[in-house]
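Student: Give me a 3D structure for the following:
(chains A and B)
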Amino acid sequence: DAKTTQPTSMDCAEGRAANLPCNHSTISGNEYVYWYRQIHSQGPQYIIHGLKNNETNEMASLIITEDRKSSTLILPHATLRDTAVYYCIVRRNSGNTPLVFGKGTRLSVIA
Amino acid sequence: NAGVTQTPKFQVLKTGQSMTLQCAQDMNHEYMSWYRQDPGMGLKLIYYSVGAGITDQGEVPNGYNVSRSTTEDFPLRLLSAAPSQTSVYFCASRRTSGGARSRTGELFFGEGSRLTVL
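Tutor: Numbers count the residues shown, from 1 in each chain, chains lettered A, B, ... in the order given. Next up is the predicted model:
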């Protein structure tokens, strides 16, 4: 699976949009971009995934560039509860392919 | 529907002891996996299984053993505990079947088992 690069940490003011970037310049055509987050010491939580089109759900939006070499996770109105480590993962959408986590971005939402 | 259940939640071992971390899921997921997370670090994949009777090594399998005799259960055995195995262990499961837009990448995690090896 392709490697990803994320900033180590970011801050965001409460109520503002949090934009978390991810670089995956070696992504293959059959690889999806997945985002997870881990709040404090809990198990990670799935947020969203996409292949090439932008995706939106109740938690976030995922914007993937046309060349698919980078993506941005958007939390439209960040709250203090969104403070967490956010992981960007690239993997084939095959049932047998494991998820390998990198170091992620530590997002701090500030009041 | 309890999801993914891990036991015990906390455990203290002495160096050289062995133990088994239990993981059970009630979602009929084919895929199950174990991760460890050292303090301040990301998750590392230890072992995974795509179905009963099938297991594969992940990134850091040394010092551990697994088996998958049923769909529901995926125990992780520490063969001879070492202080370097002090960590939080997470079990996770997901579906393996579905179309291209299915959420087969959506892992469901347990609450974690916190292990200290003295």
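Student: distance of A:Ile39 from chain B?
Tutor: Note on A:Ile39: its distance to chain B, by CB to the nearest CB, to the nearest Å, is 11 Å. Using the backbone N, CA and C atoms, a C-beta is placed for each residue, glycine as well.
Student: Need the pLDDT of that residue.
Tutor: Note for A:Ile39: predicted pLDDT of 94.
Student: What's the local residue count around it?
Tutor: For A:Ile39, the neighbour count with other CB atoms under 10 Å in any protein chain shown is 13.
Student: so who does it touch?
Tutor: By CB atoms under 8 Å, 6 or more residues apart in numbering or on different chains, A:Ile39 lies in contact with A:Gln45, A:Arg81, A:Thr83, A:Ala84.
Student: For chain A, which residues are neighbours of chain B?
Tutor: Counting by CB under 8 Å from any CB of the partner chain, the positions of chain A adjacent to chain B are A:32, A:34, A:36, A:41-46, A:49, A:51, A:85, A:87, A:89, A:91, A:93-96, A:98-104.
Student: at 7 Å what do you get?
Tutor: Proximity of chain A to chain B, by CB under 7 Å from any CB of the partner chain, involves residues A:32, A:34, A:41, A:43-44, A:46, A:49, A:91, A:93, A:95-96, A:98-104.
Student: Could you turn the buried ones of these into a PyMOL selection?
Tutor: The PyMOL selection below is limited to those of the residues of chain A next to chain B classed as buried (16 or more other CB atoms under 10 Å in any protein chain shown):
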select buried, chain A and resi 32+34+43+44+46+49+91+93+95+98+99+100+101+102+104
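Student: Just the residues of chain A next to chain B: which are in strands?
Tutor: A:Tyr32, A:Tyr34, A:Tyr46, A:His49, A:Arg91 (DSSP state E).
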